[in-house]
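Participant: Okay, here's the prediction I keep looking at, along with the sequence it came from:
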Amino acid sequence: MTDLSRRQMFMKIATLFNGVVGTLLAIPIVRFVLSPITRAGKSGYESWIALGSIDQFPSGETRLATYRNPVAQASDGETADIPCWVRHVDNSRFQVFAINCAHLGCPVRWFPQSGLFMCPCHGGAYYADGSRASGPPERGLFEYPFKILDGKLHIQAGELFTPGPSASIDSKRPPCA
Amino acid sequence: MRLIRGVGNWLDQRFQLGAPIRETMQHPIPRDTASWFYVFGSAAMTVFGLQLVTGILLALIYVPSAGDAWNSLQILNHQVSLGWFIRALHGWGSNFMLAIVLVHMVQVFLFGAYKFPRELTWILGIFLLLMTLGMAFTGQVLRFDQDAYWGLGIGASIASRVPIVGPAVVKLMLGGPIIAGATLSRFFALHVFVIPGSLMLFVGLHVLLVLKLGINEWPMPGRLVRRASYVQEYHALTRTQGVPFMPYGVWKDVVFSGVILLVIAACALYFGPFGPTGQPDPRVIQTAPRPDFFFLWLYALLSLLPPSLETPVLLIGPTIALIVLLLLPFFSGEGEKSWKRRPIAVLTILLIAVTLGTFTNMASHTPWSPIMDAWSGAPIPAKFVSGRTPLQVQGALVFKSKQCHNCHALGESGGKRGPALDAVAVRLTGDQLVRQVLQGGGNMPAYGKNLNPAETVALVAFLESLHPSGQAPARDASRTAGVQP
């Protein structure tokens, strides 16, 4: 074995060694980068939150409520205060709608006069029960699961609603009048 | 003078960069390329330099925290001396950089500069365009106001539509489950470290290729590019009619860059900084979020696409566009360079420009959106209520209180979402009006649950009265047939 080929072999070993070290370092880096995803799989982001006494939501009316997101940091400021629309249908029947339009997430507004939720961005409109009325949305408004505990309205919340890949599948069959 | 030369020599002994720099500056370029058409690339680079400087200055004050970013922008605008001007320079610099990059790209395309052997220069340029767009979007997010907050929601909603990995991509983009502190921090890292770093690397490679391969010669109709002979022909051209890059080519670059910087400064001085608009508080929902100028066309497109086409167009459209742009120099790498002999190239540019211009123009008056507060403001013009029966006037009240005005214009006022109703009775009979109001259709919501029979009768009576005096209202032929004498 010549001196040169010996050094070339050393070079190969050194490169291999660096490759192994790099791979070892890549594991924590990748896990760090993916932590927002893996956290959702482990403990999840959602939990039950009280929106307040049901007396605040008169029967037959739709009102704006806000809650502090269950997963929040000090640096989040006001962005962790999330609004939602609470519709008290009657007795203990409620519907709690996400503020985000099912099209592209803009804040929908409730217009009691015309009985419609309307979106300021691309012109989506929804009926009082959240079902799609017109415009670009492919489905009705997103709804939070709710329950009533000790006279308080609780919703399961914690994640931004997005239309997701199934948006077009959900809406294949429009609701029958 | 002798001291300066001494220091220069001392440095050059160590760096040994003097000779290669002199050689680069003196390299021959074809005489025709010392033209005002060849100044856009260097101008884009100059504006990028301005963005780097003003960006660093802003970072001295800006706080990348969702709770404090908006306040730090207020401090920049109102308390730090000339903070507003630096913000304005950065904002206008961003618009000009994008505009110049686009003009540069169009010029390169029309002059056939992407053809052999400059394919890689073009491909690096495509990535530079994507990075510039990325800087514009992330920069809009750092101006952390209402538009930025809801704009992130729009970005997340688009990302969520990617099959299978959509929800994971959303969490990765937001850095968590909602738009909050972690989101702003990662957009700050992208805007300040990741994208500018890559931009600098790619700009370096892009310019290196221009120097190595030579600037594209002025395209002459009939002078075709052939892979076998192009390089020799180009060298022959620079040998016979070449001029040194410095000063023949450079002086126009320098003048144009200076003019652009001056125009940016003038815009910054006259128009001031962009925003911020309202605080990024999701509880304030009285807002109509709008993207910055260069994304307005997308805003219009998203409003006008049929719902079923939206996801495919959003996801497949950009992919196809990107593939076409990247492969362009490979399926059109030879042949004619001059725009005078490439009508399809010219028409393509015109078509894209007209399309984007139309969408941008539509986005500036959003005819697809109901006017959210029209019901409280504009009254129904007097000519539509004077001389009407009490029932019809009652109908006009219903029209007002049920906010029909938000989507439908009467006279000059009202929304443009639905058709104007000035002459609706000419188009629809009473029965058709009842059906349209109660059941909706054609993008109009159904109002059946929201109108009692008396309101419906009054509203339709009012609508039936809306026809020009000289024109008879529409009538149902089957109904009136028996009554005719």
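Facilitator: Perfect, I can see it now.

Participant: can you pull out the strands in chain B?
Facilitator: B:28-30, B:242-244 (DSSP state E).

Participant: Nearest the middle, which residue of chain B would you pick?
Facilitator: Taking C-alpha atoms, centre = their mean, the centroid of chain B lies closest to B:Phe294, which sits 1.9 Å from it.

Participant: For the residue in chain A that chain B sits nearest to, the count of nearby residues, please.
Facilitator: Relative to chain B, the nearest point of chain A is A:Gly77 (2.6 Å; C-beta to the nearest C-beta). To be clear about C-beta, it is placed using only N, CA and C from the backbone, and glycine gets the same treatment. Counted with other C-beta atoms under 10 Å in any protein chain shown, the neighbours of A:Gly77 add up to 23.

Participant: B:Ile21 too?
Facilitator: As a burial measure, B:Ile21 scores 11 neighbours (other C-beta under 10 Å).

Participant: and it, what pLDDT?
Facilitator: Among the per-residue scores, B:Ile21 shows a pLDDT of 92.

Participant: same deal with A:Ser59?
Facilitator: At A:Ser59, pLDDT is 90.

Participant: That one reaches A:Ser92, doesn't it?
Facilitator: No: counting by C-beta atoms under 8 Å, A:Ser59 sits too far from A:Ser92 to count as a contact (9.8 Å).

Participant: Sketch out the low-pLDDT regions of the chain for me.
Facilitator: You didn't pick a chain, so chain A it is. In the predicted model of chain A, residues A:1, A:165-177 satisfy pLDDT under 70.

Participant: Wait, chain B was what I had in mind.
Facilitator: For chain B (pLDDT under 70), the answer is B:370-377, B:479-485.

Participant: In space, what's closest to the residue of it found nearest chain A - neighbours in sequence excluded?
Facilitator: Nearest to chain A in chain B, going by C-beta to the nearest C-beta, is B:Gly67, at a distance of 2.6 Å. Using C-beta to C-beta, 6 or more residues apart in numbering or on different chains and skipping residues adjacent in sequence, the residue nearest B:Gly67 is A:Gly77, 2.6 Å away.

Participant: Repeat that for B:Asp68.
Facilitator: A:Gly77 (7.0 Å).

Participant: what sits against the one you found?
Facilitator: B:65-68, B:181, B:280 (C-beta atoms under 8 Å, 6 or more residues apart in numbering or on different chains).

Participant: Make TSV from those residues and add neighbour count and distance to B:Val203 to it.
Facilitator: Putting the contacts of A:Gly77 into TSV (neighbours: other C-beta atoms under 10 Å in any protein chain shown; distance: C-beta to C-beta, whole Å) gives the following:
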residue	neighbour count	distance to B:Val203
B:Ser65	20	31
B:Ala66	25	32
B:Gly67	20	35
B:Asp68	17	32
B:Gly181	24	32
B:Pro280	26	32
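
Participant: mind checking the SS state of the most centrally placed residue in chain A?
Facilitator: The centre of chain A sits closest to A:Leu160, judged by C-alpha atoms, centre = their mean, with a distance of 2.0 Å. Applying DSSP: H, G, I helix; E, B strand; the rest coil to A:Leu160 yields a three-state assignment of coil.

Participant: give me every residue that touches it.
Facilitator: Contacts of A:Leu160 by C-beta under 8 Å, 6+ apart are A:100, A:105, B:153, B:156, B:170, B:174, B:177-179.

Participant: and of those, the nearest to A:Ile82?
Facilitator: Among the contacts of A:Leu160, B:Ile178 lies closest to A:Ile82 (C-beta to C-beta), at 6.9 Å.

Participant: Now the closest one: closest residue in space that isn't a chain neighbour?
Facilitator: B:Ile178 sits nearest to A:Leu160 (C-beta to C-beta, 6+ apart), 4.8 Å away.

Participant: quick check: domain ranges of chain B?
Facilitator: Using automatic domain parsing, the domain ranges for chain B come out as B:13-363, B:382-476.

Participant: Chain A now?
Facilitator: When chain A is parsed with automatic domain parsing, its domains come out as A:3-33, A:45-163.

Participant: so who does residue 45 touch?
Facilitator: In the absence of a named chain, this looks at chain A. A:39, A:70-71, A:158-159, B:176-177.

Participant: Not quite, go with chain B.
Facilitator: With C-beta under 8 Å, 6+ apart, B:Met45 has these contacts: B:203, B:207.

Participant: Please repeat the previous calculation with a cut-off of 10 Å.
Facilitator: Shown in contact with B:Met45 (C-beta atoms under 10 Å, 6 or more residues apart in numbering or on different chains): B:97, B:100, B:104, B:203, B:206-207, B:253, B:257.

Participant: from what I can see B:Ala168 touches A:Ala40, true?
Facilitator: Yes: applying C-beta atoms under 10 Å as the test, B:Ala168 and A:Ala40 come out as touching, 8.3 Å apart.

Participant: Surely B:Leu120 is in contact with B:Leu205?
Facilitator: Yes: taking contacts as C-beta under 10 Å, B:Leu120 lies within contact range of B:Leu205: 8.5 Å.

Participant: quick one: strands adjacent to the longest strand seen in chain A?
Facilitator: Longest among the strand segments of chain A by residue count, using DSSP E, is strand A:81-90. Applying DSSP bridges, strand A:81-90 is found paired with strand A:62-68 (antiparallel), strand A:93-98 (antiparallel).

Participant: in the last one, what's buried?
Facilitator: The one in question is strand A:93-98. A:94-98 (16 or more other C-beta atoms under 10 Å in any protein chain shown).

Participant: same check, this time on the longest one
Facilitator: Of the residues in strand A:62-68, those scored as buried under the neighbour-count criterion (16+ other C-beta under 10 Å) are A:62, A:65, A:67.

Participant: Excluding covalently adjacent residues, which one is nearest to the last one?
Facilitator: When you say that, I think you mean A:Tyr67. A:Ile49 (5.0 Å).

Participant: so which helix or strand takes in that neighbour?
Facilitator: strand A:47-53 (DSSP states H and E).

Participant: Pairing partners for that strand, with directions?
Facilitator: strand A:152-157 (antiparallel).

Participant: Any chance you could list what contacts the partner strand?
Facilitator: By C-beta under 10 Å, 6+ apart, the list of residues contacting strand A:152-157 reads A:45-57, A:65, A:67-70, A:82, A:84, A:86, A:88, A:92, A:94, A:96, A:98, A:143-148, B:177-178.

Participant: residues near the nearest residue to B:Lys402 once chain neighbours are set aside, how many?
Facilitator: Spatial nearest neighbour of B:Lys402, excluding adjacent residues (C-beta to C-beta, 6+ apart): A:Ser114 at 5.0 Å. A:Ser114 has 23 neighbours, counted by other C-beta under 10 Å.
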